[in-house]
Each structure stands twice: as structure tokens, then as C-alpha cells.
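Visitor: Here is a sequence with its predicted model. Questions after.
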Amino acid sequence: MTKAALLKAEGITKFFGALKANNNVSLEVQEGEIVGLIGPNGAGKSTFFNIIAGAFPPTSGTIAFQGDDITTLGPAVRCARGIARTFQVVRSFDSMNVVDNVIVGSLLRTLKPKEARRAACEVLEFVELDARAGTRAGDLTSPEKRRLELARALATAPKLLLLDEVMAGLTPTEAQRGVELIRRIRISGVTIIMVEHVMEIVMPLVDRAVVLDLGELIAAGSPQHVINDPKVITAYLGDRKHA
Amino acid sequence: MIPLVVSDVYTMNVLILTLMYVALSQSWNILGGYCGQISLGHAVYFGIGAYVTTVALLVVGILPWFGMLAGGITAAVIALFLGYFCFRLGGHYYTIATIVIAEAALLIFLNWDFVGAALGLQISYTGDSWATLQFGQSKLPYFYLALGFSLITWLIAWTIEGSRWGYWWRAVKDDAEAAESLGVNIFSSKMAASGISAFLTAVSGGFYALFVSYIEPQSVLGFQISLLIALPAVLGGVGTLWGPAVGAGILIPVGELTRSYIGGSGSGAHLVIYGTLIVIVSLLRPEGLTSMLSLGKRSGGVVR
């Protein structure tokens, strides 16, 4: 690949006390890709995800975005540079209505409230939540809240979107709508890294899957390649010899 | 107009104090209501405004107009200094810190001879004048000043509410981590809200000093001032434009009336009534009285 990577994480190691949550994980993401971050429970996916989002710094290693070192930058600055995220446990501004929630995001790119509102409405239409624009965020159903979170993140006009288990808790029909939405987001020119638990959802969607197990990167490549990798099968199903 | 039909001094006093608390509680609301940083130490800024205005007038001979401005700026600087340390504290710890700071300020002023220590400072009457803001004959000018200033604070809150700051501060209040992920700088949001809030509170403090023309530490820095600044917003509706006005319009007259009719010297009957009102409202209308009148929120309609 000749193009410089949009995101480049190198040698990310993270300790929580004595626990090594990430061990020397490196990842390059090209512009326009959808990368799936998978692995069994406790693999360190969320830790790695949060380090990319800037929620906490790595113990060692560096993160570069568009060629600039952003390792020490906080989440707000990263968002201004074009990295937006959603949360595993949905977070909405419950005292505000849906459109105001999204305006919080779109005000990052404009100072004019009117313009921000228009941008927010466009995003709400895009995620098919425009019918609920006047509803209090606290009154939304949980799949709607997931869409709202996505809308809010998109309103900051990100180049890289980090999705943390956005499909969790959705019915198969809702998940299918979610998959289509993520495809449309990619078509609109946003690069995506998604952490996902459910293999059936991630695999058809992503260009590349990265598998973590016990804090280490054990496999990376096309979904087909990855699911046939013996190390991945062992990580998910356990080692037959020791079973 | 009300002042034309209100002839007795007592009613006029209650009106002026009510308007002053409308402004004060709105100032508090900017930090506590919109940004979610609950301060129970706003007496610090009120007291600083009162003392700076008075000292500037008595010692240096600076006109109160500029004295109030100086008081506001001093309070804002102090708020930023305190915020620098305290805004790293989350939730209730911030509130506790504000109480402690206010108590410390009270002790300092009680023992500070330059500002009259426990005896306080007296502004002697030199004749009615809009320059020195002294009015001995009729309290009417103070009414207009208080009315004007409460309108100004309302307008400031209204402007903030519709601006980027307003949205970002409310986001910080609802969920700081989510706000941060959308590019909101939590720390500077809190600092800005705190600075504006302290400035406006101190201007009212300066006004109060001129209005009563005698200040001492307990009357401008005591904990009851911090409570009286916060309670109207809580009663009327925290983080709403009309909450502080509605709350102050009920609490202050009720407090003054019970103080003069039921409470003897030093008795706390008015505090019992405040407490009862707050308990009733928090049980029945946790979002404040304005949520009943739907005055609380600007309509969040969708622009097409």
C-alpha cells in the first residue's frame, strides 16, 4: 500500500496495575476501510479501542493519526481532529431532546446554532431518527439511543469513526438495519473501526478483521482468512488438547 | 407599574431584595443549572463584590459603578483560581469544596482589620446621587437598578442557552465523558461558566452593599447567603431560564414575611419554610416549578 495510513498504532501496551490488558499491539488502518476488532471476552478489545479514542493513555507505544503523533492528546482534541466514538454502554444527554443532543456534536464544526441545527437534522435523517427529533433523549428506546449516539458522533464530521459494540442488544432485524447504516456511513467517506462480539455481524461487514486474545494480536486479515486461522479457532473455542 | 402603587418602605425593600435574588440565582444557575457544577459557596463572590465595591468607595474614592465592575472582575479571577483546583474534583466533592472555601473566606474577613473585621464597613450617606448610587429619600432608584440587573442576567443566560456554550455546558452536566468524546473541553467549559457566574454574583454583591450601606462578614459571606442564592433556582427549576425568577419570587417574599411576622430575633422560622418548600418541590416536581408551566425549555423544534 502506497498511501500513508489514516491511523497507525504501534506497540501499544497497557497495564492496569499488574494486569497486562494490551501487549505490544500494532495496527494500521487505511482510509475508507472498515476494520473489525474481535476477540473473546477479556481479550483487550475495549482497552485498545479506548486508547485509540484517547480515553486513557497507553503505558507504552504510540498512536499516529494522519501522520501526527496523538498519543498524549485527550478525547476532545482527538474529536476535533476527526476521531469520533460511541460507547459500549449508551450515553445520551437525557435532559435534552434528540436534536439538541446531536447539535452538541455539530457545534464542533460551526459556531452558528442555526447551521448546527440544520446539520444535526441532516444527520438525524441519515440515521433515520428524524421522526424522534423532538423527543427527550431519556425517553428513547435502547436501539434508538444507539442510533442517537451514532448521529451525535457523525455530527462532529469525523474521518475515523470508532464503534464500540453498536449492535449489542439489538434484535436481528434491528442489527440488519444497523449493518446497512454502517455501510452507508462508509460510503459517505468515513473510515470505521468497530469492536464487535457477534461474528455473524462483523464478518460480512468488515474489510479486515483483527483478532485479539489475552491482550495480544493473534491474527489479522480478511474475514475469510481470519476465521480459518487455527489460533483464532483456539482462542474462541478453546484448545482441544487441554479441554 | 408596581413601584408607583407601593408606598411603604417595607414592601419596597422586599421587592428590591426579591429582584436582587432573581439576578443572583440566575447567576448561580449559569454555573449550577447549565453546567451542573453545584456551588454552595457563592457567598464568596457575593461578599467579594460587596467588599471590593465598599472599600473602593471608602478608601480610594472610586465610584460604585466602577467598584462593582472591579468587584466582578476580582470575583471572576478568584473563581478561575479556585476552579483550577476544584474542577478536578467530581460530583459532590466540588460542592463540599465550595462550602469549605466560603467558610474560610468568612473567617478571613472576620479577622481582617483592614476591612473592619467583625464590625464591618459603613458607607456614610452623602446625598442622593446616581454617581455614588446613594438614595436616602426614596428607594425607587434601587428598584430600577435591581430590575435592570435581573433583566441583564436573564439576557445573558438566554444568550448562553442558545449558543455553543449553552449546548456544551448542558452536555457536560448530563454526561461529561460523552461530551468530551464530542470535542467538548470539560475543564474550560466549567471555568468559563464559573467566571461568568462569579462576575455577575459579585456585581449583585456590590449593589447590596450600596443598598443597605452597611456590610459585615456574616451578612454578605455567611452560609445563608450561599443557600439563598442557590435555593430559588432549585425551587423554580435548575437549568431553566425562568426557574430562578419564579423561585426567588416565591422564596424571598415568603422568607421576609415569615421573618417579620412569625420569627422573632434569631429564630429560623423562615428557614423551616424554605426547607418545607424545597422538600415538597423535590418530591412532587423534581425539575422545579417551571416544569409545570412549560416555561422551562426553549422549544426545540426542527428547522426545515
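Guide: Done, it's in.
Visitor: got the contact list for residue B:229?
Guide: Taking CB atoms under 8 Å, 6 or more residues apart in numbering or on different chains, we find residue B:229 in contact with B:21, B:24, B:25, B:27, B:28, B:42, B:43, B:46, B:201. To be clear about C-beta, it is placed using only N, CA and C from the backbone, and glycine gets the same treatment.
Visitor: That one belongs to a helix?
Guide: Yes - Residue B:229: assigned to a helix according to DSSP: H, G, I helix; E, B strand; the rest coil.
Visitor: Near chain A, which residues of the stretch 51-200 of chain B? Just list them.
Guide: Applying CB under 8 Å from any CB of the partner chain, one finds that the stretch 51-200 of chain B approaches chain A through B:162-164, B:167-168, B:170-171, B:173-175, B:177-186.
Visitor: Would you mind listing the buried residues in the host helix or strand of residue A:121?
Guide: Using DSSP states H and E, residue A:121 falls within helix A:113-126. The neighbour-count criterion (16 or more other CB atoms under 10 Å in any protein chain shown) identifies A:113, A:116, A:117, A:118, A:119, A:120, A:121, A:123, A:124, A:126 as the buried residues of helix A:113-126.
Visitor: got a list of contacts for it?
Guide: With CB under 8 Å, 6+ apart, helix A:113-126 has contacts from A:98-99, A:102-103, A:105-107, A:109-110, A:130, A:132-133, A:151, A:154-155, A:184, A:188, B:162-164, B:167, B:302-304.
Visitor: Show me how far stretch B:224-236 is from its chain's centre.
Guide: On the basis of CA atoms, centre = their mean, to the nearest Å, stretch B:224-236 sits 8 Å off its chain's mean C-alpha point.
Visitor: buried residues in it?
Guide: B:225, B:226, B:227, B:228, B:229, B:230, B:231, B:232, B:233, B:234, B:235, B:236.
Visitor: what does stretch B:54-66 give?
Guide: Buried residues in stretch B:54-66 (16+ other CB under 10 Å): B:54, B:55, B:56, B:57, B:58, B:62, B:63, B:64.
Visitor: Return the two entries of those residues that lie farthest from one another.
Guide: B:55 and B:63 (13.2 Å; CB to CB).
Visitor: State the three-state secondary structure for residue A:109.
Guide: coil.
Visitor: what's the angle between the host helix or strand of residue B:173 and helix A:113-126?
Guide: If you go by DSSP H and E, residue B:173 is part of helix B:164-174. Here helix B:164-174 runs at an angle of 50 degrees relative to helix A:113-126 (axes from the mean of the first three to the mean of the last three CA atoms, to 10 degrees).
Visitor: same for helix B:164-174, what does it pack against?
Guide: helix A:98-106, helix A:113-126, helix B:176-181, helix B:186-212 (3 or more CB pairs under 8 Å, 6 or more residues apart in numbering or on different chains; DSSP states H and E).
Visitor: can you rerun that using 10 Å?
Guide: helix A:98-106, helix A:113-126, helix B:140-161, helix B:176-181, helix B:186-212 (3 or more CB pairs under 10 Å, 6 or more residues apart in numbering or on different chains; DSSP states H and E).
Visitor: Need those helices in a markdown table (columns: distance to residue A:86).
Guide: Shown next, in a markdown table, are those (distance: least, CB to CB, whole Å):
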| stretch | distance to residue A:86 |
| --- | --- |
| helix A:98-106 | 11 |
| helix A:113-126 | 14 |
| helix B:140-161 | 27 |
| helix B:176-181 | 8 |
| helix B:186-212 | 19 |
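Visitor: so of those, which one's packed in deepest?
Guide: Of all the helices and strands packed on helix B:164-174, helix A:98-106 carries the top mean neighbour count, a mean of 29, counting by mean count of other CB atoms under 10 Å in any protein chain shown.
Visitor: and that helix with helix B:164-174, angle?
Guide: Here helix A:98-106 points in a direction 110 degrees away from that of helix B:164-174 (the same axes, to 10 degrees).
Visitor: What residues sit buried inside the helix or strand where residue A:76 lies?
Guide: Assessed by DSSP H and E, residue A:76 sits inside helix A:75-81. Within helix A:75-81, the residues scored as buried using 16+ other CB under 10 Å are A:75, A:76, A:78, A:79, A:80, A:81.
Visitor: Just put those in TSV and tack on pLDDT.
Guide: As requested, these are arranged in TSV below (pLDDT from 0 to 100):
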residue	pLDDT
A:75	96
A:76	96
A:78	97
A:79	97
A:80	96
A:81	96
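Visitor: Can you show me the strands along the chain?
Guide: Just so you know, I chose chain A. A:7-16, A:19-29, A:34-38, A:60-65, A:68-69, A:83-85, A:160-164, A:191-195, A:208-213, A:216-221 (DSSP state E).
Visitor: you looked at the wrong chain, it should be chain B
Guide: Using DSSP E, strands in chain B cover B:121-122, B:214-215.
Visitor: hey, least reliable of those by pLDDT?
Guide: Here these differ in mean pLDDT, and the lowest is strand B:121-122 at a mean of 92.
Visitor: pLDDT at residue 29, what is it?
Guide: Let's take chain A. pLDDT for residue A:29: 96.
Visitor: actually it's chain B I care about, not the one you picked
Guide: The model's pLDDT for residue B:29 equals 97.
Visitor: what about it, neighbour count?
Guide: Neighbour count for residue B:29, taken as other CB atoms under 10 Å in any protein chain shown: 30.
Visitor: Residue A:182: what's it in contact with?
Guide: By CB atoms under 10 Å, 6 or more residues apart in numbering or on different chains, the contact set of residue A:182 is A:34, A:150, A:161, A:163, A:166, A:167, A:190, A:192, A:194, A:201, A:205, A:206.
Visitor: List the contacts of the closest residue to residue A:183 other than its chain neighbours.
Guide: Closest residue to residue A:183 apart from its sequence neighbours, by CB to CB, 6 or more residues apart in numbering or on different chains: residue A:205 at 7.2 Å. By CB under 10 Å, 6+ apart, residue A:205 lies in contact with A:34, A:36, A:167, A:178-180, A:182-183, A:186, A:192, A:194, A:196, A:223.
Visitor: Including pLDDT, could these go into TSV?
Guide: Shown next, in TSV, are those (pLDDT from 0 to 100):
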residue	pLDDT
A:34	96
A:36	94
A:167	88
A:178	91
A:179	92
A:180	93
A:182	95
A:183	94
A:186	95
A:192	97
A:194	95
A:196	87
A:223	90
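Visitor: Among those residues, name the buried ones.
Guide: A:34, A:36, A:167, A:178, A:179, A:182, A:186, A:192, A:194, A:196, A:223.
Visitor: re the thing from before, spatially, which two of the contacts of residue A:182 are the most separated?
Guide: A:190 and A:201 (18.4 Å).
Visitor: what residues are up against residue 106?
Guide: Going with chain A. A:99, A:113, A:115-123, A:151-152, A:154-157, B:167, B:182.
Visitor: that's the wrong chain, I wanted chain B
Guide: Here residue B:106 is in contact with B:41, B:43, B:44, B:47, B:217, B:218, B:220, B:221, B:222, B:223, B:225 (CB under 10 Å, 6+ apart).
Visitor: And the pLDDT for it?
Guide: Per-residue pLDDT puts residue B:106 at 96.
Visitor: Residue B:91 - how many residues pack around it?
Guide: 10.
Visitor: looking at it, it is touching residue B:38, isn't it?
Guide: Yes - assessed by CB atoms under 10 Å, residue B:91 is found in contact with residue B:38 at 8.8 Å.
Visitor: burial count for residue A:189?
Guide: Residue A:189, neighbours per other CB under 10 Å, totals 9.
Visitor: That one reaches residue A:82, doesn't it?
Guide: No - Residue A:189 is not in contact with residue A:82 according to CB under 10 Å; the separation is 11.4 Å.
Visitor: which residues do those two both contact?
Guide: Joint contacts of residue A:189 and residue A:82 (CB under 10 Å, 6+ apart) are residue A:159.
Visitor: ok, of the buried residues of helix A:75-81, which one's closest to chain B?
Guide: Closest approach between these and chain B, by CB to the nearest CB: residue A:79, at 3.8 Å.
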